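Colleague: Here is my input; please provide its structure:
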Amino acid sequence: MKQMAKKISLLLLSAVILSGTGYFSFQAYAGYHETRRKERSALQQKKAAWRQLKQYVDRETSHYRGKAGIVIKDLETGWEYAYQCERLFPSASIVKIPIMAAVFQAAHEGRISMDQMVTMRGVDQVQGSGILKGQPAGSQYSVRTLTALMITRSDNTAANLLIQLLGRKYLNSYFASIGLHNTNLSRDMMDFRKRRNGIENYTTSRDISLLLEKMYKGTFINTQVSRQCLALLKRQKVKDRIPRMLPRDVVVAHKTGLERSVCHDAGIVFTENGDFLICVLTKSRCDFRVSKEFIARLAAYAYHTYKMKGG
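Modeller: Numbers count the residues shown, from 1 in each chain. This next block holds a predicted model:
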């Protein structure tokens with residue numbers, strides 16, 4: 001009898017365990033499918049928002065009084081809007097992003113050191129953006145400092161010192177080696193004599209976007225260097241284009257470019273609901289303010305598209 005009672009107890013215990021397991025399995029199964037349903041719904045909403053973004057950019061571009069090259073990319077899904085992304089534009093100061101990349105690459109190779117000092121001569125000082133034009137000739141700056149000034153303050157003198165340090169041959173060869181096939185450096189910053197003679201620096205929104213995405217994904221040299229580059233771009237002082245219409249607390253890693261007839265900005269906007277890349281190169285005879293506002297509107301609409309994703 002005792003053995004029989006023991007067997008019955010074991011059977012009852014097994015039944016309880018199985019029923020409990022079945023209940024929790026059902027709950028897990030139902031929970032899984034509910035999660036998948038929500039994910040599918042969110043994806044559909046995201047696709048709808050992305051279609052609306054494309055339509056908006058198409059309308060804005062059709063009304064813009066000039067030429068534009070645009071790339072907007074969702075850095076999670078890889079979805080991309082591209083308009084005239086292979087069109088060549090005078091690069092102005094946006095070429096300082098590829099120059100920064102070349103500086104870090106040269107340091108990685110051991111060709112230069114980020115801590116080595118460079119002497120600024122009077123002849124090196126040029127006008128336009130930056131603070132070095134007002135410093136005494138003979139001042140010395142580390143490559144690290146020059147790179148930071150070139151990006152955060154768009155310092156033209158700093159850029160030219162780095163161009164001289166590396167040489168245009170190295171720079172152009174490096175640009176091509178990393179896939180920037182339509183980016184060149186044929187003259188120094190602010191060398192308008194060469195510009196009048198038809199010698200110009202060019203790039204495309206595709207090339208600049210390619211480089212920014214490498215930095216974002218941590219594949220530019222390595223994760224550490226990629227983060228250093230993004231950290232510099234986040235310290236950009238000029239905020240009258242991509243960040244202009246965004247909330248002040250939104251983080252943007254970007255670089256502007258402004259020269260006669262051209263106005264650019266390219267960067268990565270970080271949001272709670274996903275990050276996106278935006279690169280807008282423009283060429284127009286209209287007032288710079290028109291182009292700056294055009295870029296700002298595109299960035300603002302893209303940001304609010306991501307804002308809506310979170311409800």
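Colleague: residue ranges of the strands in the stretch 151-300 of the chain, please?
Modeller: In order along the chain, the stretch 151-300 of the chain carries the following strands (DSSP state E, counting those that start in this stretch): 202-203, 251-259, 262-270, 276-283.
Colleague: Let me have those in JSON lines, extended by mean pLDDT and mean neighbour count.
Modeller: Placement of C-beta: from N, CA and C, glycine included. Shown next, in JSON lines, are the strands of the stretch 151-300 of the chain (pLDDT from 0 to 100; neighbours: other C-beta atoms under 10 Å):
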{"stretch": "strand 202-203", "mean pLDDT": "98", "mean neighbour count": "22"}
{"stretch": "strand 251-259", "mean pLDDT": "97", "mean neighbour count": "22"}
{"stretch": "strand 262-270", "mean pLDDT": "98", "mean neighbour count": "25"}
{"stretch": "strand 276-283", "mean pLDDT": "98", "mean neighbour count": "27"}
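Colleague: can you put those in JSON lines and add distance to Arg51?
Modeller: Output for the strands of the stretch 151-300 of the chain, formatted as JSON lines (distance: least, C-beta to C-beta, whole Å):
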{"stretch": "strand 202-203", "distance to Arg51": "29"}
{"stretch": "strand 251-259", "distance to Arg51": "24"}
{"stretch": "strand 262-270", "distance to Arg51": "19"}
{"stretch": "strand 276-283", "distance to Arg51": "15"}
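Colleague: looking at the ones you listed, which is closest to Ala82?
Modeller: strand 276-283 (9.6 Å; C-beta to C-beta).
Colleague: now that closest one, how far from the chain's geometric center?
Modeller: 10 Å (C-alpha atoms, centre = their mean, to the nearest Å).
Colleague: May I have it as CSV, with CA atoms only?
Modeller: Presented in CSV, the C-alpha positions along strand 276-283 are these (Å, rounded to 0.1, in the frame of the first residue of the first chain):
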residue,chain,number,x,y,z
PHE,A,276,20.6,59.2,-38.4
LEU,A,277,23.2,60.6,-40.8
ILE,A,278,22.5,63.7,-42.8
CYS,A,279,24.7,65.3,-45.4
VAL,A,280,23.6,68.3,-47.4
LEU,A,281,25.9,70.0,-49.9
THR,A,282,24.6,73.0,-51.7
LYS,A,283,25.6,75.5,-54.4
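Colleague: elements contacting that strand?
Modeller: Strand 276-283 makes packing contacts with strand 67-74, strand 89-90, helix 205-217, strand 262-270, helix 288-309 when contacts are defined by 3 or more C-beta pairs under 8 Å, 6 or more residues apart in numbering; DSSP states H and E.
Colleague: go with 7 Å
Modeller: The contact analysis (3 or more C-beta pairs under 7 Å, 6 or more residues apart in numbering; DSSP states H and E) places strand 276-283 against strand 67-74, helix 205-217, strand 262-270, helix 288-309.
Colleague: Who are the contact partners of Ala253?
Modeller: By C-beta atoms under 7 Å, 6 or more residues apart in numbering, Ala253 lies in contact with Leu230, Leu233, Lys234, Gly267, Ile268.
Colleague: repeat that with 8 Å
Modeller: Leu212, Leu230, Ala231, Leu233, Lys234, Gln236, Gly267, Ile268, Phe270 (C-beta atoms under 8 Å, 6 or more residues apart in numbering).
Colleague: ok, and the closest non-adjacent residue to it?
Modeller: Leu233 (3.7 Å; C-beta to C-beta, 6 or more residues apart in numbering).
Colleague: Quick check: that neighbour vs Pro243, distance?
Modeller: Distance, Leu233 to Pro243, by C-beta to C-beta, to the nearest Å: 12 Å.
Colleague: count of neighbours near the closest residue to Phe294 other than its chain neighbours?
Modeller: Spatial nearest neighbour of Phe294, chain neighbours left out: Tyr64 (5.3 Å); criterion: C-beta to C-beta, 6+ apart. Neighbours of Tyr64 under the rule other C-beta atoms under 10 Å: 20.
Colleague: Give me the buried stretch members for stretch 283-291, please.
Modeller: Residues of stretch 283-291 classed as buried by neighbour count (16 or more other C-beta atoms under 10 Å): Lys283, Ser284, Phe288, Ser291.
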